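Q: give me a 3D structure for the following:
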Amino acid sequence: MKLGFIGLGQMGQGMAGNLVKAGHEVSVYNRSADKAAPLVALGARLAHTPAEAARGAEAVVTMVADDKALEAVVFGPSGFLSALAAGAVHVSASTISVAMAEKLTEAHGSAGQNFVSAPVFGRPDAAAAAKLFVAAAGAPEALARVQPVFAAIGQRTFLLSDQPASANLVKLSGNFLIAAVIEALGEAVALVAKGGIEPEAYVELLTSTLFSAPVYKTYGGLIAAQTFSPAGFAAPLGQKDVRLVLAAAESLNVPLPLASLLRDRFLALLAQPGAAELDWSAISTLARRDSGQ
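A: Numbers count the residues shown, from 1 in each chain. Predicted coordinates for the structure are as follows:
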């Protein structure tokens, strides 16, 4: 396929690279153009604006940090909305708000284009290894057209709905659950550490018995070793996702008491100097601090 790819952060690098390796013709754009160099070396073409990346493409994949960044590359002065051909597909892999997904669905529909939400589960190492899990929603014909994109970046795709925003609601709910696991692990590790148990041995026991899921192994290891830099998923992004899941819950009149707690935990972490550079699992340090360790 002829593709545009916009957003070459830690996740986007691996995803775009795997699309090039799969034989797709990929034009890449990033606000900091130097990040495109490794992809150009693989065979991608450098685009100087989002519009240039989308021009002539069958589909454009966006993997940017938040609603504001996505709005800029779609609707901004050099945005790709007007450059994307009628019938082409915008695949948003970013973790964005339900409201933004609804706005994009309407805008692309009005322009005669297709919009698919396809946020992904997995950290940068999974992106590089093409082992992401894709949660996709959109019109069936649009989903079918971009299936080769999903096959190149992930190990499994879940087709959820014909309404794109449904995938964003699922993604936000998943990140809420991960944040809840991080907080619970942080509290449990703080408890046993103060009682004289080595955190690494404790996490080994947990993940070898009752809690063998990847989320416990990944974040349990980081918390036990207190390894929060470099960030695989930065703390401000975690705070953003909790804020977005609370907004979605409010729109549906669904109380999420635990999400409210997590919002405050992220705010407490980000109030500390340098915390914005840490992995979101660093909220676990608050439990140790509160226990006097």
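Q: next, His90: secondary structure please.
A: Following DSSP: H, G, I helix; E, B strand; the rest coil, His90 is assigned to strand.
Q: er, Arg156 I mean
A: strand.
Q: what does the one 10 residues further on give?
A: Look at Ser166: counting by three-state DSSP, its state is helix.
Q: what sits opposite the residue nearest to it when sequence neighbours are not counted in the beta ladder?
A: Nearest residue to Ser166, sequence neighbours excluded (Cβ to Cβ, 6 or more residues apart in numbering): Ala137, at 4.6 Å. Yep, even glycine has a C-beta here, placed from its N, CA and C like the rest. Counting by DSSP bridges, Ala137 is bridged to Ser117, Ser161.
Q: what sits against Ala137?
A: 116-118, 143, 159-167 (Cβ atoms under 8 Å, 6 or more residues apart in numbering).
Q: show me the strands in the stretch 51-200 of the chain, by range?
A: 59-62, 89-92, 114-117, 120-121, 132-137, 154-161 (DSSP state E, counting those that start in this stretch).
Q: go ahead and confirm Leu256 touches Val245.
A: Yes - between Leu256 and Val245 there is a contact under Cβ atoms under 8 Å: 6.8 Å.
Q: can you check which residues contact both of those two?
A: Joint contacts of Leu256 and Val245 (Cβ under 8 Å, 6+ apart) are Phe176.
Q: the more surrounded of these two?
A: Val245 (27 against 18; other Cβ atoms under 10 Å).
Q: correct me, but Ala47 touches Ser27?
A: Yes - assessed by Cβ under 8 Å, Ala47 is found in contact with Ser27 at 4.6 Å.
Q: point out where the stretch 151-293 of the chain drops to low pLDDT.
A: Within the stretch 151-293 of the chain, not a single segment meets pLDDT under 70.
Q: circling back to that earlier point, just the closest of the contacts of Ala137 to Gly232, please.
A: Ala118 (20.2 Å; Cβ to Cβ).
Q: quick one: contacts for that closest one?
A: Ala118 neighbours (Cβ under 8 Å, 6+ apart): 91-93, 134-138, 146, 149-150, 157, 167.
Q: let's see that with 7 Å instead.
A: If you count contacts by Cβ atoms under 7 Å, 6 or more residues apart in numbering, Ala118 has them with Val91, Ser92, Ala93, Val134, Ala135, Ala136, Phe150, Ala167.
Q: separate out the buried members of these.
A: Buried members of the contacts of Ala118, counted by 16 or more other Cβ atoms under 10 Å: Val91, Ser92, Ala93, Val134, Ala135, Ala136, Phe150, Ala167.
Q: what sits against the first one?
A: Remark: with contacts taken as Cβ under 7 Å, 6+ apart, Val91 is in contact with Ala59, Val60, Val61, Val116, Ala118, Val146, Val149.
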